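Engineer: This is a predicted model, with the sequence first.
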Amino acid sequence: MNYLIVEDFSGQAVPFIFPRRVDHGDMREQLPYGQVLSCGVLELGPTGFVCSGGNNELGVKARPDEDAAIIAEALRRR
C-alpha cells in the first residue's frame, strides 16, 4: 500500500493509506489538508509496519520509525 502523512488543520499528523496503483501526487490533490509531512510505501512486516520510499514530485520521503508509529496509533483498537 502507499501512504501519505499530512498535517491537518489542528496541526496533527494524519495518515492516509491507499492502493499502490494510485500515485502519491494524485492522492495529494484529493486531500483538503495542508502540508505533506511524509509519504512512501507501507508493508506489514513480522514486527509491525514497515515504511519506506518517498515521492520526488512531492519532494518528501518516508520517515520509517515515525511514520510506522503514526500509522499504528491511527489503526489501534480503541
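Structural biologist: Arrived safely, thanks for sending.
Engineer: What is the subsequent helix or strand relative to the strand or helix carrying residue 17?
Structural biologist: Residue 17 is part of strand 13-18, with elements assigned from DSSP states H and E. Sequence order places helix 24-30 as the next helix or strand after strand 13-18, per DSSP H and E.
Engineer: Report all helices and strands that the host helix or strand of residue 73 contacts.
Structural biologist: Secondary structure assigned from DSSP H and E places residue 73 in helix 64-75. Under the contact definition 3 or more Cβ pairs under 8 Å, 6 or more residues apart in numbering; DSSP states H and E, helix 64-75 sits against strand 2-7, strand 13-18, strand 36-45, strand 48-52. Where C-beta positions appear, they are placed from N, C-alpha and C, glycine not excepted.
Engineer: So for the shortest one, mean pLDDT?
Structural biologist: Same thing as strand 48-52. Averaging pLDDT along strand 48-52 yields 97.
Engineer: what do you get for the second one?
Structural biologist: Averaging pLDDT along strand 13-18 yields 96.
Engineer: ok so, going back, packed most tightly, which of the helices and strands packed on helix 64-75 would that be?
Structural biologist: With neighbours defined as mean count of other Cβ atoms under 10 Å, the helices and strands packed on helix 64-75 peak in mean count at strand 2-7, which reaches a mean of 21.
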